[in-house]
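Asker: sharing a sequence plus its predicted fold:
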Amino acid sequence: SGALDLLVRPAARPKDAGVLIHQLRTLDVARGLSPDDAIERLLHFVGGRTLVGYYLEFDLGVINRYVRPRLGVPLPNRRIEVSSLYYDLKTRRLPGRHVDLGFQAIRADLDLPDLPEHHAFNDALIAAMMYLRLAGPGARA
């Protein structure tokens, strides 16, 4: 029922490829939070809740670089990977068929809105909607 949308000021200048993908230039991130402040807010927001996402391993790899020195361990929260839920559902219904696990392919198949990609908040919102479609009553894919 809540949202957390933070802009982080990285320690190093954003790489050109990252600027093209995320549309965040050095000028844009200059007003962002320090990584330590952002992690503090993230930890407070997440608490002990389950993490739901799309290819969480990548995102948690980045986050845990900051969490591990602070807590001594990576985020211990339970995790739900929506691409795994989608794969399991599809292979149960259509065994032996190829399953496209691309973010946009899953989004389109689940008939979810097409929000601008590579924006952390939008991607998290769509991943949450994927979870609701895949794990909720009358789950479908």
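Answerer: Received it, and whenever you're ready, just let me know what you need.
Asker: you'd agree I80 is in a helix?
Answerer: No - counting by DSSP: H, G, I helix; E, B strand; the rest coil, I80 is not found in a helix; it is strand.
Asker: which residues are in contact with it?
Answerer: By C-beta atoms under 8 Å, 6 or more residues apart in numbering, the residues touching I80 are 50-53, 131, 135. For every residue, glycine as well, the C-beta is placed using N, CA and C.
Asker: just the ones of the residues you listed in helices?
Answerer: 131, 135 (DSSP state H).
Asker: which of the contacts of I80 are buried?
Answerer: 51-53, 131 (16 or more other C-beta atoms under 10 Å).
Asker: now those residues in a markdown table, with pLDDT?
Answerer: Formatted as a markdown table, the buried ones among the contacts of I80 follow (pLDDT from 0 to 100):
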| residue | pLDDT |
| --- | --- |
| L51 | 96 |
| V52 | 96 |
| G53 | 95 |
| Y131 | 96 |
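Asker: now do the helices in the protein.
Answerer: Going by DSSP H, the chain shows helices at 16-22, 26-29, 35-46, 56-71, 82-93, 103-109, 120-135.
Asker: the third one: how far from the chain's middle?
Answerer: Relative to the centre of its chain, helix 35-46 is centred 15 Å away, using C-alpha atoms, centre = their mean, to the nearest Å.
Asker: if you count contacts, what does it end up packed against?
Answerer: For helix 35-46, the packing partners by 3 or more C-beta pairs under 8 Å, 6 or more residues apart in numbering; DSSP states H and E come out as helix 56-71.
Asker: what about the chain, any weak spots by pLDDT?
Answerer: 1, 12-30, 138-141 (pLDDT under 70).
Asker: repeat the analysis, applying 80 as the threshold.
Answerer: 1, 7, 9-30, 32, 117-119, 136-141 (pLDDT under 80).
Asker: correct me, but L56 touches R78?
Answerer: No - judged on C-beta atoms under 8 Å, L56 makes no contact with R78 at a distance of 10.9 Å.
Asker: residue contacts, the closest residue to N77 other than its chain neighbours?
Answerer: In space, and not counting its chain neighbours, N77 is closest to L51: 4.9 Å by C-beta to C-beta, 6 or more residues apart in numbering. By C-beta under 8 Å, 6+ apart, L51 lies in contact with 60, 75, 77-80.
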